[in-house]
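Visitor: sequence below, structure please.
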Amino acid sequence: MNGRRSRALLKAVTPMLEPGEQVMALSLVNLSEISVKRNLAVGVAAAVLSGGTMIAAASPQPIYLAASRERLFLFVANPAFAKPDRHLATFPLQGLTRTEIKNRVLKKSFDLVDESTGSALRLFFPALVRNNGLDIVAGLVPVARATV
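Guide: Predicted coordinates:
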C-alpha cells in the first residue's frame, strides 16, 4: 500500500486500539473471488450492450486489513479516495486458525477459521503487490491441525 492509504488506515484504526496495542501489518485484501466465467460474462455483456465500443471487467470489493498481535481489523475501502469508508469487522486472534497459503497466479489466499464457531473467512492477497502483510498475518495466526 502506498503512504497515503497507509496513513488513512492508521488514522481509522488508531482509536480502536487498546492501550499498548500496536499495528503490525497493513494490507489491501479481497474477501471474495471473481471467477473467470463471471469476468468473461461481464465483458461480453458490456460489449454486446454497447455495440462493441466498451468492455468491462468485474472486480471484488477491496478491503483494508490492519493486524495487531491481538486482533484483525477489516475496513471497506473507498476506491475513489483511497481511504477506509467504514469499519466492517474486528476479529480477536485468539481462537483463530488458518489453512495453508494457496499460491495462485495472480493471488495468494488462506482461510481464517474461528475454532469456537467453525465459521471461516477467506482472505485474498494480490500476488503481484510487494507487501509483507500476508506473511505477517500468516505468522500471527497458527495453521490449523490436520484432522484424521
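
Visitor: for the residue sitting nearest the centre point of the chain, what is the enclosing helix or strand?
Guide: Of all residues in the chain, the one closest to the mean position by CA atoms, centre = their mean is Val29, 2.3 Å from it. Assessed by DSSP states H and E, Val29 sits inside strand 23-30.

Visitor: quick one: mean pLDDT over the following helix or strand past that strand.
Guide: Later in the chain than strand 23-30, the nearest helix or strand by DSSP H and E is helix 36-49. Across helix 36-49, pLDDT averages out at 76.

Visitor: contacts for the helix or strand following helix 36-49 next, please.
Guide: Using DSSP H and E, the helix or strand that directly follows helix 36-49 along the chain is strand 62-68. The list of residues contacting strand 62-68 from outside it, by CB atoms under 8 Å, 6 or more residues apart in numbering, reads 5, 9-10, 12-13, 17, 21-31, 72-77, 79, 84, 88, 123, 133, 136-137, 140. Placement of C-beta: from N, CA and C, glycine included.

Visitor: if we can go back for a sec, what's the strand holding Val29 in contact with?
Guide: Residues external to strand 23-30 that are found in contact with it (CB under 8 Å, 6+ apart): 1, 5-6, 9-10, 13, 17, 60-69, 77, 107, 123-126, 129, 131-134, 136-137, 140.
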